[in-house]
Each structure stands twice: as C-alpha cells, then as structure tokens.
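# Fold the following for me, if possible:
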Amino acid sequence: MKNIKLNNVLELANGDTIAGIEIAYSTYGKLNAQRDNVVWVCHALSGNSEVHNWWAGIFGEGNALDPTRYFIICANVLGSCYGTTGPSHHAISENQRGIQFPLITIEDMVKVHQLLAEELEVERIHLLIGPSLGGQQAIQWAVNEPNRFDKLVLVATNATHSSWGIAFNESQRMALWSDETFRSNIPGGGAYGLKAARSIAMLSYRSYEGYNFTQQEDFPHKLDGYKASSYQQYQGDKFVKRFDAFAYWVLTKAMDSHNVGRGYDSTTDALSKVTAHTLVIGVDSDLLFPISEQYELAKSIKNSSMKTISSLFGHDGFLTETKEVNNLISKHLKTY
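Numbers count the residues shown, from 1 in each chain. So this is what the prediction gives:
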C-alpha cells in the first residue's frame, strides 16, 4: 500500500472543505508503453485498496484482474479507515474528528479518485470496475468523465440508492448511536454499536435460503445457543477488530446520498452520458441491491449487457461466486 498527501483543499458537495487530503492506494503490475492497460477498481463499503485480499478469486495471474497484463489501481475511499482521510485519520483537524467529520458523498469519493489519477498521470482507463458501493463510485465517475473509460463493469449496484437500502443503513446508525462511547465522540469508541450494526448489515448482505443452508441446526430441539445467534455474534466481533465506527457512520451516509441523476433531468439522462462498453452483473438473491436495479442500469446505459449469477448468499454473492463473476469479467475484457 502507498500513501500520497495532497495540498489541495477539497471542496465537498455540501459546501464543507477538508484540507490536506491523504490517499492510501495500491497498485499491481506495470503501465505499458502505450499507457492503455489501466484497470481501476473501486472497493465496497468496508473494503480497502488491497484487491488481492478481498477479491482473490478475481485478482491474480490468469484471472480477470491479472497484474501480468494490467496496471491495476485501487484507492481507499474518502471517509474510510484504511489510510485515506476519514473521521479517525491521524491528520484530521480536531473540529472534524469522529462524528464531526463532514458529510461526504459518492461524488466526493470520485473527486478524490480523479485527484489521484492526476497525480499518477493516468489519463485513459481501460476498465473501471466496482461492486456495491464501489459500483456506485464507478457509475458516478463514468457519468462525470465518459470519455476516460473504454470498459465498465458494475457489480451488484445501482444508479440511486433505494429507500430500502437507506432504511437498512439508518437502522445500523441507530445501533451506533445507542452506544454512549460513540455519541460522546470518544476516539476508538462505538465498538458495541458497531457490532450490532454489523449484525444488521449481515441480514441485508445474505438471504433467507443462505442462512437456512449454513446455519441449520444439527439438533432441532435445543432451547438456546443457536448457530445463527453465534454467527451474528462472530461476525460482529470480527468486524469490530478491523473497522472504525465513525468511518462506518460516514460511509453509510455517503451510500445513502448516491444518485447519479442529481443535477440532471433524470437518472436516465445521466446514465445516457456513459460511453464505455458496459457489463452489469446482478445476483438473483440480492436483497440489498435487487436485480431489478441492475436491469435498470443496463436498460439506460448504451452499449451495455446484463448478466445474472445465481447464489444462495445474496448481495455477498459477488464475493462468494467468484468463479462465475471472474468468467463474466474475463469475457467482457476480451470483447470489443
């Protein structure tokens, strides 16, 4: 992972500013002589720049994201806790720390990507790809700068975040707010609230069938100590060890703000600006980003195709069904 500090004062969509943005990013492979082999990956909400860790089935030699063929870039998003400026970042001013961190949007995240691309002297991007929140960033960027990208892959994402998705995020933030250490803005606070928030999130990321498959009881007559209960506890504990509660608050707010139609006559009008050859991938059991949202993307983006993968694991299917996702992306890269 690499870090870069910019002297720019970043003006946010809501009018606030952040000075001295730091960006954490990872690169893999080499830029070729023609400078036309760049792949830019936008990560999901709780992800980071280390694509080789969180998308191992897609990344690697012989896979779609092959560092022997492509120069792959992934930047940690603004507001996160993995090196880029966020609410618990070491360099953030006291009056913007924790719950005082400004409201950021997907547009602001894209603006930081654009600044990094400028610093790295990357002009043309062969493939822009992102799942979930990463897909929201990719859509926004492709609308903002349509001539920059040859190809676009949008995985389990949408053009505008839904009321259903916002309600899930608000429920998670209510769990955070119930934690006194979070409300008091104590550095490192919010662990209990974050654990509960993650438990809520897991219900939106998975499916009824998936839970019944993986958490089925061996002894159906027990009165307590259920597998599903211990699984929720385990997922919450694991998440608290690797993520920051204040960053989670900021990033869920940013996801809620997602609307590529903002500033246009309609969402369809905004999506019509995209010129990249686009592949849209949906998961048939996704509760959080149902495939109807991906069909709407494919319908409104020119030169696009829609593929659906089957999975028991809901939204997380983009992480669990990597063989099928990898094959679809690989075919798209070989087309046109």
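# quick one: contacts for E209?
E209 sits next to S285, L312 when contact means C-beta atoms under 8 Å, 6 or more residues apart in numbering. Quick note: C-beta positions are derived from backbone N, CA and C, even for glycine.
# Would you confirm that it belongs to a strand?
No - using DSSP: H, G, I helix; E, B strand; the rest coil, the secondary structure at E209 is helix, not a strand.
# ok, now how distant is it from H258?
28 Å (C-beta to C-beta, to the nearest Å).
# And for L128?
Distance from L128 to H258, by C-beta to C-beta: 16 Å.
# So which of the two has more stuff around it?
Using other C-beta atoms under 10 Å as the criterion, L128 and H258 rank with L128 on top: 28 against 25.
# So that one belongs to a strand, correct?
Yes - under three-state DSSP, L128 sits within a strand.
# List the contacts of it.
Counted by C-beta under 8 Å, 6+ apart, L128 has contacts V39, W40, C42, A138, W141, A142, F149, K151, L152, V153, A276.
# host element of the residue nearest the centre of the chain?
Nearest to the geometric centre of the chain sits A44, at 1.9 Å (C-alpha atoms, centre = their mean). In the assignment (DSSP states H and E), A44 maps to no helix and no strand.
# What ranges does the stretch 201-336 of the chain have for its helices?
Ranges of helices in the stretch 201-336 of the chain, per DSSP state H, counting those that start in this stretch, are 208-214, 227-242, 245-256, 267-271, 291-300, 317-320, 322-334.
# So N259 sits against L271, correct?
No - contact criterion C-beta atoms under 8 Å: N259 and L271 do not qualify, at 11.6 Å.
# So between these two, which is more surrounded?
Higher neighbour count among N259 and L271: L271, with 24 against 19, using other C-beta under 10 Å.
# Distance-wise, check the more buried one relative to K151.
From L271 across to K151, the span is 16 Å (C-beta to C-beta).
# Phi, psi for E118 please.
Dihedral pair for E118: phi -60, psi -40, per degrees, to the nearest 10.
# the strands in this protein, which residues?
Ranges of strands in the chain, per DSSP state E, are 2-5, 9-11, 17-19, 22-28, 38-41, 71-75, 125-131, 149-155, 277-283, 304-309.
# Compare those strands and report which one is nearest to H89.
With C-beta to C-beta, the closest approach to H89 among the strands of the chain belongs to strand 22-28: 6.8 Å.
# what are the pairing partners of that closest one, and which direction each?
Taking DSSP bridges as the criterion, strand 22-28 forms sheet pairs with strand 2-5 (antiparallel), strand 71-75 (antiparallel).
# can you tell which of these is closest to K334?
Proximity to K334, assessed across the strands paired with strand 22-28 by C-beta to C-beta, is greatest for strand 71-75 (17.2 Å).
# Specify the stretch among the helices of the stretch 201-336 of the chain that is closest to G62.
That would be, of these and by C-beta to C-beta, helix 322-334, which comes in at 9.3 Å.
# I104: what's it in contact with?
When the contact criterion is C-beta under 8 Å, 6+ apart, the partners of I104 are L12, A13, L78, G79, V250, K253, A254.
# can you give me phi and psi for it?
Here I104 shows phi and psi, under degrees, to the nearest 10, equal to phi -120, psi 160.
# same question, T85
Here T85 shows phi and psi, under degrees, to the nearest 10, equal to phi -50, psi 130.
# okay, now it: neighbour count?
27.
# Looks like it contacts E22 (just checking).
Yes - counting by C-beta under 8 Å, T85 does reach E22; the two are 5.1 Å apart.
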